[in-house]
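**Q** Sequence plus predicted model, see below.
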Amino acid sequence: MEATEVIRCHGHPLVIASHPTTFEVTAEETLTKNGHCIIGIRADKGAAGLLPQFKEVLCHDDAELVTTLACGGIEVAVHSRGTSAMTLTHPTDFVWRKSRFVCGRTIGICSDYVAATLPKELVALLRAGRPVVITMVATCPG
C-alpha cells in the first residue's frame, strides 16, 4: 500500500532550527524565538486534515514515511517510520521525531533528520521566508 500527501507552508525569519530531537511544521500564522523545532508556518493543513487513505497506510507498525522538503531548489529526503499508535488528530501541527514518542501531532518517528541536522542552506532559505513544499509518501507492505 502507498499513499501521498502534500503540504505547503512558508519559512519565517525566526526559524532557528536548533532542536536536537524533532522538527515541526504548523498552520499557525506566526513564530516566536521559542520555536526551536519549527521550520515552517502557515501550513495548509494540520495532522487532522490528512486524507483518510494516507492515515490508514501510515498508522501501521511496519509503515515507512519518506518526507521530501523542497525549498528554493534544495530538496531533503527525511526517512521516518509510522506506527499503529499514531492518532494524527492535531488541527494545526505536524512533528517528525527522532524518538518513538507519539502524540496527536506526530507524523513520523525514528526520523533521520531533526531541526538541528537539516542542511544549513535549507535553513537559510527557511529564514528568508521562502515557500516550502513538503511531499510525504507513506508505504506499508500489507
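**A** Nice, I can see it. Numbers count the residues shown, from 1 in each chain.
**Q** Count the neighbours of the residue lying closest to Glu29 once chain neighbours are set aside for me.
**A** Nearest-residue entry for Glu29: Arg42, 6.0 Å, with adjacent residues in sequence omitted and distances by CB to CB, 6 or more residues apart in numbering. (Each C-beta comes from the backbone N, C-alpha and C, glycine too.) A count of neighbours around Arg42, defined by other CB atoms under 10 Å, yields 19.
**Q** I'd say Arg42 and Gly11 touch.
**A** No: at 9.6 Å, Arg42 does not count as touching Gly11 under the criterion of CB atoms under 8 Å.
**Q** Who are the contact partners of the residue nearest to Glu29?
**A** Contact analysis of Arg42 by CB atoms under 8 Å, 6 or more residues apart in numbering lists Cys9, His10, Ala27, Glu28, Glu29.
**Q** Most neighbours out of these, which is it?
**A** Highest neighbour count within these, by other CB under 10 Å: Cys9, with 24 neighbours.
**Q** Any idea what that one is bridged to?
**A** Val132 (DSSP bridges).
**Q** Flag the shaky bits of this protein, pLDDT-wise.
**A** By pLDDT under 70, the weakly predicted segments of the chain are 142.
**Q** Any chance of the contacts of Arg42 in a markdown table with distance to Thr135 as columns?
**A** Below are the contacts of Arg42 laid out as a markdown table (distance: CB to CB, whole Å):
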| residue | distance to Thr135 |
| --- | --- |
| Cys9 | 12 |
| His10 | 16 |
| Ala27 | 17 |
| Glu28 | 21 |
| Glu29 | 23 |
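**Q** Who are the contact partners of Ser99?
**A** By CB under 8 Å, 6+ apart, the contact set of Ser99 is Thr21, Ile109, Cys110.
**Q** nearest to Arg81, of the contacts of Arg42?
**A** Cys9 (22.5 Å; CB to CB).
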